[in-house]
Each structure stands twice: as C-alpha cells, then as structure tokens.
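Asker: Make a model of this:
(chains A and B)
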Amino acid sequence: MADLSLYSVEALLILDGEGKRIYAKYYHGPHEDPEQASQQHKSVKQQLDFESRLFKKTHKQNADILFFEDSLVLYKEYVDVSLYLVGSADENELVLQQALAALRDSLELVLATGIDRKNILEHYDMAALVIDETIDDGVILETDPATIASRVTKPPSKDVPINIELSEKGLLSAWGFAKNKLAERLQQGL
Amino acid sequence: MSTHTYKKFEEAQSGVLPDKMTIYQDCLNAFNESPVNSKRCRLLISRLLQLLAQGQTFPCTEATALFFAISKLFQHPNDSLRQVVYLAIKELSTVSDDILMATSSIMKDVQNGSDMIKPNAIRSLTRVLDESTAFSAERLFKSAVVSKHPSISSAALVSSYHLLPIAESTVKRYSNETQEAVGDLKTFPYHDGLSEHYPNSTYIAQYHALGLLCMLKNHDKIALMKLVQHFSSGSTLKNQLAQVQLVKLVGSLLSKDHQMISQLSPLLLGWLSNKYESVQLEAAKLITSLPDRYVSPELFSSAVQALQGLLSVPRATTRFAAVRVLNRISMVAPEKIVVCNPELESLINDSNRNVSTYAITALLKTGTSNNIASLIKTITNFIHEISDDFKIIIIDAVRTMALRFPEEWKSILNFLVNVLKQGEGGFQFKSSIVEALFDLVQFVPQSKELALENLCDFIEDCEYNEILVRILHLLGKEGPGMKTPSLYVRHIYNRVVLENSIVRSAAVVALSKFALVKNDPTFVDSIEILLRRISNDVDDEVRDRATIALEFIESIKSKGESGSSPAESLIQSKFTYDLASLESKLSQYMAAKQEAFKTPFDTSSIARYTEDERKAIDLKRKQEQLFTTVSSGKSKGKSGVSSEADKKNGSYGGPDATELDQDLQATKYAEELALIDEFKPFGPIVNTSKDIALTETEAEFVVTGVKHLFKTHVVLQFHITNTLADVALDNVYVGCTPALGDGESPLTEVISIPADRIKPSETFSSYVAFEKSQEVVTEDLLNTLYFTTRELDASTQEPFDGDEGFQDEYEIDTLPLTAGDYIRGSFVGDFLACFDELPNHEISVYNIRENLSLQEVVDKLITTTSCLTLDNTQFTSTDSNTHTLKLFGKSVLNGARVALVVRLIKSSKGIALKAEARSDDAVLCSDIVNGLI
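Answerer: Numbering: from 1, shown residues only, chains lettered A, B, ... in the order given. This is a model prediction of the structure:
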C-alpha cells in the first residue's frame, strides 16, 4: 500500500485491429538496477505473447478497465486500433484513467482527422512525441491534453526552411530587407 | 541515395516498414549529409522509432554508430527536428556505448534552447548521465526546477527523480528548491502564437515535486509528517495527482507507525469528501486496508460510504475501482459492507463484466444464510449472459460459499445442477461445476445422496470423457455406502453399454467396487453377472479389468466373512499415496536405470494417506487458498477474482506450490536422514515438523530447526547458514539442553553430529538425536550454537594455514517439542458429534495480555496445534469480540483422535482463552491443552 513511487505506468501499448503491435513501450526507470529491470522486463517474445493474450481478452469487450495477469489494464478501443495503459495493481485506477484520457485526447488534438491505424502510422513521429510528453519512463508527466498537444511540434514543412512570417514583424522585416536591397542597388547604380 | 529506395520509403507511410538495414543505412547517410535535410531526417527518425517500438534491436556497434550520427543533427537549429532527435537519443541511450559524448550538446540546449525543446533536452540529459557525471548537471537542474515554465520545472523534477538511484546526494542539494516547487503554482507564460493549442496548467509539477520530496525524505519520519501538515492545510495543493500522492504519503507513514492514526484521521475523513474521485478512492483504499484495531468504526463506515457513492458513477473505471476495494473487504470483513448490497446488486447487470463479477463475488461473501437463496436466484438469471471465464469465477465463489454455509446446501446444489443441465458452456466451465459438486459430496455429507443422483443424470449426456471418468470414480467410491446402491449400478452399467472404451473401463472399475456391499448377496451376484457379461467386451483393456475384478470378487467370497482379504483393498483401496513424493521417488528410480531395476520399487518410504487424512489435506488446502487470496488481496491489492480468473484450468491443478513444497521438503529430509548411518536403527520417520526459525533472518548465523519424530527417538535437524563474508565456521554443533535438567527430563541425548565446515553463505545441517519413551513427550530445548571461527584468505577462500581459530558460542532461540508435533490435521464430517463421543476430557484457561488481534491468536493456535480447522472457524469476524475455534487432528503415534474447541473473548485487558479438548488419548489430551500458548 505504502508505495510512494512515481513510476505508476508499467507499459503503454497501441495495437491494431488484429492485435498486432503499432507502438509498445514497457517502462522502467533509466537508472534502475539493470538486474532488477531484466527480471521485470520480459523478452520481446514474452511481450508479444502478453499483447496477444491481452488483445484476445479485451477485443470487442467494451469494458474500459480490467485486471489482467496481476496488472491493471485500462484501454480504449477504436475502429482499428486500441490504446492500452498497463499499471501496477496497487495504483489508483483513477490516476491511470487520467493518464489514458490525457493521451487519448491529445492524440485526437494532434492527429486532426481522428485516431485510426493509418493516421497513427502516417504521423508516427507525432504520436511518439505525444506519448513521450505524457509519460516519461513510467512517470505521468502531464495530464492536460492541450498542454501536451502544444508541446508536440509538427514536422518541418519544407525541405529547406525559408522563413516567411506573415506576422507584423515578418512583414516589417521583409520591408526592411527590401529597403536595404533597393538601397544597395541604387548605390551600385549610382 | 537512389530514387528507388527513396520511393520505397515514401511508400512506407502506408504502414509497411522497410527492413531494418535499409533504415539503418538511410539514417547514417541522411544524418551525415550537409546541409541537413530536416524534413527527411525527422521522417527517418520516425521510422527508426517505429522500428524500435516493434521490438527490433540493433547490435551495440550499430546502435552506437546511429547515436553518433544522430548527435550530428544538433548543428541544425530546427526545434521540430530537435525534438525527435531527443526522442531518439532517449531510446538509443539504453543500447549504445559512449553516450556521454552527447552531454555537452544537450547541456547547451538546456541552457540556451527555446522553451519548446528545453524540457526535452532536460529529460534526455538524465539518460546520458552516469554516476560519475551526474554532479555536473546539478546547477542546470536546480535552475530548471525553479523555472517559471511548468513544463521545464516538471521535466527537471522528473529527471531528478530518475537520477535518484545513482545520484541521490546531488539531487538532495536542491531539495529546498524542490520543496518550493511543491507550493509554487506555475502557469504558462503568454501564449506565443506558434501553436494552435492553448496550454492550460494543471500544476502537475506539484505532483512531481512532492513525489521527489517523499523519496528524498524517505527515512525522516518527522520531516514527512511536516510535509503532510504543511500541504494538507488550505489549498496549496491544486493538482489532483499531487493530492493522491499526499494520501499515499499518509498511508506510508501509517504503515510505519499505526499510532499516528488518531492525529491523521480528521485529515483522512476530509479526503473522503474531496472533490476529486481519485482522492476519495485513495483515502478509502487506505482506511480499509489498515489493521482493524487502529481504525475507528466511524471512520471505516464513512470510507465504505464514500465507496458506495462511487459505485453509482457513470464512469466504468470509477465503479471498477470502488467495487474492487469492496470485494477485497468482503473477503475479510463481509459484515462491514452489507450497507452497499443494494448498489452491488444493481451492478450485477453492469455493462463491464469485470465490475459485475466483482459485485457478485462480493455479494456472495456478504451473503448470510438468510439471503443466499435469493442471491442464488439472481445469479441464475444472470449467469447465462456472460462468458465462460466469468462463469467459472462465479462457480468458484459459489463453491467456497458451499463450504462456508454447509446448511445451505440445498439451494446451492439446485443452482449447480441447474447450470450443469443447461447444456451451454465449454469443458472448463462444466468441469468447475462438477468440482463444486464433488466438494459438496465430500464435505457436506447431507447433500451426498442428492448430489450423486444428479451426477448420475448428468453422465447420461455428458460429452467430455475426462469428466465422465471422474464422476464414475466418485460413484464407485461413494455409491456402495449409500442407501440404494442399485440405482448407481444401473447408471454405471448404462455407460458400459453406450460409451467408448475409456469410459467403459472406468465404469468397470466403479462397478467392481459395488461388489463389496455387505449383507446383500443377491446384489453382489448381479454385479458378478454384469461383470461376466462385460468380460466379452471388444476392447482388451475393458475385458482385462472385468476379468481381474471377477478374480478379486471370487477370492473375497472364498474367504467368507472372516476378515478382510488383500483383494478387498485392491478393489477399494484404503489409502492413497502422497503423489508429489511418489512422483519424485519414481523419477529417481527411473533415472538410476538398470542398476535399480534389479530390485522392485519400494513404496514403503512414501507417505500414505487414509481417506480421512486425504480429506483433511484437501480441505486445508482449500481453506488456505481462500486465505492466501485474502492476504494477497490485502497486501498487494490483488483480488481473489483475478487470481482465480488467471488460473486457466478452472479446476484444481493439484496442490498449490507451498503445500507441494512442504510435502517434497519432508521427503527430502527423510532421504537425507536415511543416508546417515547413526539414525538407521531408529526406524522410519513418524512425523516431520515445519522449519522453525531460531534466529533473526539478518543475524550473523541464521539457524532454523526441524523436528523429526521417530518411534522412540527425536532428531533435531539444525540448518545453519553462515552470513559472514570472510570467516569459515568449523566443527559447528548445537548444544541442546532439555529445560528440565538432567535427571528429570524424559529425553536423553544419544548422538550429536556436527557440521565440519561452513564457508561464507553456505548452509549445512547439524543433528542432535534424543531417545524418548514411546509416549507423547513434550519438552523445551535450550539451544546454543558452538563453533570454531577461522578467518579466510580472501584470494583462495581457504582458511590460513597456521590459524588455529578460536572457539565461540552463540545463543539461539529455544526449540519446543510440543504436543502439536505429534498431531496431524484430520477431517471429520460432523465435528460436534465426534467431539461428544471422545472419552478423555480436559479444560484449560489462558489470559493473553499482549495487544494481539483475535485473528493473530487464532493463526498461532493453528500452527502450534498443527490441527485442521473445521466448520470454517479459522477466520475471525472483525466486529465481534468473541470467537470459537474448532480444531481436529490425529496422533501420529497411535492414531488417537483429538478434538479442540477454543473459545476466545477479547476485552480491554487482553484476550481470555478457554480451551476444551477431548481425545482418545488422555496424555495427549492434557498435553495439548496445557501447551497451547
């Protein structure tokens, strides 16, 4: 009961409509004792097994939360993807719920056309950033979706960035730039 | 890079990832290009992240090369690229070498980067630091912690938290700043217009700061108490998670010192009506998990009320959380949550099946004999709508209820029979119902007849061979003793006519058992006729079984009424072997190959159980299982539902691990002793006690003792572990002196076998043997450990040559030889009748002054008497001050029965205890009563 650790999330998974992994991260503290970490942390094969069992148990069940293999699992199922948040059995369910809700809402904000498999794969960098800004190696970092979304940058729009800013300052500087150029030409011409 | 690969990787957006090496090569090429193409790099890193998330790994050299290439991207100023670079660094830092080289670039960003990437930089910095470099980041972290920007502050606090295992002292140096951060309400600065989303601070930095602070002051109770006082008052803590953390902090304080409850309970009461559900939940969880005697009933009932309120919330998670806590309470103190029954009943049809299952199991626990019937009716309507998994959980709950309320067997039996006959459900479901019925037959004698009849009906159309065979076996076992054996014979013979050979052979064995029915020669004759007919069966196994059964019956007949013949015990055996030790013996026998096969396998060393003993073990196991789920529910928040749900088989897979361990352990000891020549004349071991700790587990020498009982001897086996690092112990032996002194003690020491040498972290056994009379002998043995210490050469781990060592001794705890050592738990169907019928009678009264709960005393009594608890009296009710414990066992020496009724009354002065024992054996009777505490 007296577990004061901030490491409340054990894993975060995004599986597709067939239970295949789209994103999966099993958390452990970056400076945790490696031996201990390897004990808790399963090999990739065990992880995949866990995921397929979990998927079987939750697919089309519409239950939101369940107790699965000694862990609390909260999940949200969409048409062809599901988000899973795995937490330790002692964790406050509602705290985990907040984390999952934050993740879900911020993904919705960032992926403008809604959460589905294609959208996540196309904007994988954004999705990964959203998750990173919500949970940092098991610690819940932020629960406000707008804050999370605002912290996620979009990919650079052009290959070579040209700063054309349409704000007032941008126009002023363009004007200044043009003025200088003109002045140069005039001087050369003279 | 060719256009071809470029195309391929554009296509990859559809979700098909190019292979690992392509991505690796592309990354190295693109990252080393100049000028950097930021859009392409971000895309490539995104692919790389996807690859890593799939579970692909790079060998260390390749990962290092990638890490190196990625760190080149620091020269590009684009924030958007930089952010994914940090993400990649975080991922790769665990698998690559030389990650320290990125430190300076990252530190530069922490100092001068934009607000956008500063938090990412800080969080990546933690990953590349190690023990030797952590201190260099102190100043950076400190200034970030006090930053006005919430994200930066949070990032620094979480990063410091991650650093704790390697650099606690560094983090401690800015604990003042951390404390300020808890109270500081940071808001986002003026919106910069770059992003379309408006951040809204939740003050979550408070949560991180509080979490970090708890860890820093973990050992300082007073400082933690100050924290609680400081932050619980007023509205300093705005963040929900931070408030939950504060409740947890109070919980950890209380677990260390229960006395603080009086000080903290107003606080807890306040949290129960907090505006956040999560805080209410955490506080209720905390209150209900504290030991009862510290929580006032008012506080407990308001916690239950808060949970009750949470049950009717629309969000499934909340309901789930609340019902889970209630379910946990229902296992230890069902009477306390009876108020929630209306809400729980409405949850039976909840859309979340987990919630409804928890609700039902809780209801089954809170059920009293009054409302069980109506409850079962509700479940009957509901059970057809849910999946098999949940059905099995419910059946299991009903089964434990059957053991708790034997008097309600009728409605329970009806329910089980109903679901069994519905015909739906798979093998596991059916098998769990049949298991439940078996339990009823075994432990509730009144229900036997009806249950067997229904099982007979069931086998008429059961499609699972395994279940059929088990039922046939049970019918064979129980049927001959019933009033109308012919009824069962008809059903069994039907199987012979209609089923496949597996079922037929099982049926033959069952049939042959009916031939043992006494006083009815015509009945036995008809069995014989049936068996004769079967001996023409097409299947040879069936034929063989029928023929041998006939042979047996013939030989019993020829002996007439004069006593039992060996054939009788072959048909209906009186005992079963301990399967675990039988298995290990047999595999040893097989492993020895040709050598061993010269002599036949010897079964005499394997423990055998009679019917009653087997039942006792079964019941004990089931009770323990109930108990372990309760205790794990208490300590780890696991619930009975889950552990049962995870048990895939649905049926009992055999003894649980600890039980099995103990059986195997006893067999192992027996083997060890058999190897020692000195003990050979003592004969076979009669009983082996559990391992008893005689020192603290953290002592220099850890000693545990086991008592082996022989017919006229007692052997004490001491396991001695040397926990010292650089000292070996030579000639280690335990001096045992009976407490009564030389002349008077009934025990005389005959042999002492020392352990020659115990090296660091090794465990060896030393033995002491005593001679005793055949009767029950009880005695306290005062023990001292004698040994010669010799220092070890660190290089060779051998003692120095010239070192003589010096003698030393070490006091260890007393090992009592009690009456309980002569008793093995046993089962009896009707305890009170048996109690009244036993001849010898003894009463004794005790007063316990220590502040123990009734449950603790009961647990202790069960261990010291090594009896089996009957009629479900091993659990005390939490709100009553009295308890009656019923214990039953048999002497291992002569099989004398012992029945104990212990009445306990708790008052302000302590616990008064009155034990009443009855037994076949007068000495045992008085010994057990007088040696209870």
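
Asker: Within its local environment, how many residues does residue A:95 see?
Answerer: Using other C-beta atoms under 10 Å in any protein chain shown, residue A:95 has 24 neighbouring residues. For every residue, glycine as well, the C-beta is placed using N, CA and C.

Asker: oh sorry, the question was meant for residue A:106
Answerer: Residues near residue A:106, counting by other C-beta under 10 Å: 29.

Asker: ok, now residue B:815?
Answerer: 24.

Asker: Now do the contacts for it.
Answerer: By C-beta atoms under 8 Å, 6 or more residues apart in numbering or on different chains, residue B:815 lies in contact with B:692, B:694, B:705, B:707, B:716, B:736, B:780-781, B:783.

Asker: Over to residue A:55. Which of the three states is it?
Answerer: helix (DSSP: H, G, I helix; E, B strand; the rest coil).

Asker: Spit out the contact partners of the closest residue in space to residue B:738 that isn't next to it in sequence.
Answerer: Once flanking residues are discounted, residue B:738 sits nearest to residue B:745: 3.7 Å by C-beta to C-beta, 6 or more residues apart in numbering or on different chains. Residues in contact with residue B:745 (C-beta under 8 Å, 6+ apart) are B:738-739, B:779.

Asker: what about whichever residue of the stretch 301-450 of chain B sits closest to chain A, how many neighbours?
Answerer: Proximity of the stretch 301-450 of chain B to chain A (C-beta to the nearest C-beta) peaks at residue B:321, 3.7 Å away. Applying other C-beta under 10 Å, we find 30 residues neighbouring residue B:321.

Asker: Could I get the contacting residues of it?
Answerer: So residue B:321 contacts A:92-94, B:281, B:310 (C-beta under 8 Å, 6+ apart).

Asker: So which of the residues you listed belong to strands?
Answerer: Among the contacts of residue B:321, none falls in strands (DSSP state E).

Asker: Can I get the residues you listed in CSV including distance to residue B:833?
Answerer: Shown next, in CSV, are the contacts of residue B:321 (distance: C-beta to C-beta, whole Å):
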residue, distance to residue B:833
A:92, 51
A:93, 49
A:94, 53
B:281, 49
B:310, 48
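
Asker: Counting neighbours, which of the residues you listed comes out on top?
Answerer: residue B:281 (28 neighbours).

Asker: and it, how far is that from chain A?
Answerer: Distance of residue B:281 to chain A, given as C-beta to the nearest C-beta, to the nearest Å: 6 Å.

Asker: Ramachandran coordinates for the nearest residue to residue A:120 once chain neighbours are set aside?
Answerer: Nearest residue to residue A:120, sequence neighbours excluded (C-beta to C-beta, 6+ apart): residue A:127, at 5.1 Å. Torsion angles at residue A:127 (phi, psi; degrees, to the nearest 10) stand at phi -60, psi -40.

Asker: tell me which residues of the longest helix belonging to chain A are tucked away?
Answerer: Using DSSP state H to define each element, chain A has its longest helix at helix A:168-189. By neighbour count on 16 or more other C-beta atoms under 10 Å in any protein chain shown, the buried set for helix A:168-189 is empty.

Asker: Residue B:536 in helix, strand or coil?
Answerer: Under three-state DSSP, residue B:536 comes out as coil.

Asker: Phi and psi next, for it.
Answerer: The phi/psi pair for residue B:536 (degrees, to the nearest 10) is phi -100, psi 20.

Asker: what do you get for the one 3 residues further on?
Answerer: Note on residue B:539: its backbone torsions stand at phi -90, psi 130 [degrees, to the nearest 10].

Asker: contacting residues for the residue nearest to it when sequence neighbours are not counted?
Answerer: Distances taken as C-beta to C-beta, 6+ apart place residue B:501 nearest to residue B:539, at 3.9 Å, with adjacent residues excluded. Counting by C-beta under 8 Å, 6+ apart, residue B:501 touches B:537, B:539, B:541-542.

Asker: Buried ones in stretch B:438-458, by neighbour count?
Answerer: Buried-residue list, stretch B:438-458, by 16+ other C-beta under 10 Å: B:438-444, B:447-448, B:450-456, B:458.

Asker: just to revisit the earlier point, now the contacts of residue B:745 as TSV including distance to residue B:31 and pLDDT?
Answerer: Below are those laid out as TSV (distance: C-beta to C-beta, whole Å; pLDDT from 0 to 100):
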residue	distance to residue B:31	pLDDT
B:738	81	79
B:739	80	74
B:779	80	78
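
Asker: Out of those, which sit inside strands?
Answerer: B:738, B:779.

Asker: PyMOL command for the buried members of the contacts of residue B:745?
Answerer: Only the buried entries of those go into this PyMOL selection, using 16+ other C-beta under 10 Å:
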select buried, chain B and resi 738+779
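
Asker: now the residue nearest to the spatial centre of chain A, what's its secondary structure?
Answerer: Geometric centre of chain A, nearest residue: residue A:131, 2.0 Å, by C-alpha atoms, centre = their mean. What three-state DSSP gives for residue A:131 is helix.

Asker: List the contacts of residue B:121.
Answerer: B:86, B:106, B:109-110, B:113.

Asker: For the residues you listed, which two are the farthest from each other?
Answerer: Within those, B:86 and B:110 form the most distant pair, 11.0 Å apart (C-beta to C-beta).

Asker: can you map out the helices along chain A?
Answerer: Under DSSP H, chain A gives helices at A:34-40, A:44-58, A:93-110, A:117-122, A:124-134, A:145-150, A:168-189.

Asker: how is the chain carved up into domains?
Answerer: If you meant another chain, say so; for now it's chain A. Domain assignment of chain A by automatic domain parsing yields the ranges A:9-150, A:157-190.

Asker: um, chain B though
Answerer: Taken from automatic domain parsing, chain B resolves into B:1-97, B:99-204, B:583-661, B:676-817, B:821-930.

Asker: Those domains: which one's closest to residue B:346?
Answerer: domain B:583-661 (18.8 Å).

Asker: Give me the average confidence score over the closest one.
Answerer: The average pLDDT within domain B:583-661 is 56.

Asker: Same check on stretch B:351-368?
Answerer: The model assigns stretch B:351-368 a mean pLDDT of 81.

Asker: can you give me how far stretch B:132-148 is from the chain middle?
Answerer: 43 Å (C-alpha atoms, centre = their mean, to the nearest Å).

Asker: returning to what we had before: let's have the contacts of residue B:815 in TSV, adding distance to chain A, neighbour count and pLDDT.
Answerer: Compiled in TSV, those are given as follows (distance: C-beta to the nearest C-beta, whole Å; neighbours: other C-beta atoms under 10 Å in any protein chain shown; pLDDT from 0 to 100):
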residue	distance to chain A	neighbour count	pLDDT
B:692	29	14	79
B:694	30	22	81
B:705	32	24	84
B:707	36	20	84
B:716	37	22	84
B:736	41	22	81
B:780	38	16	80
B:781	39	23	80
B:783	36	21	83
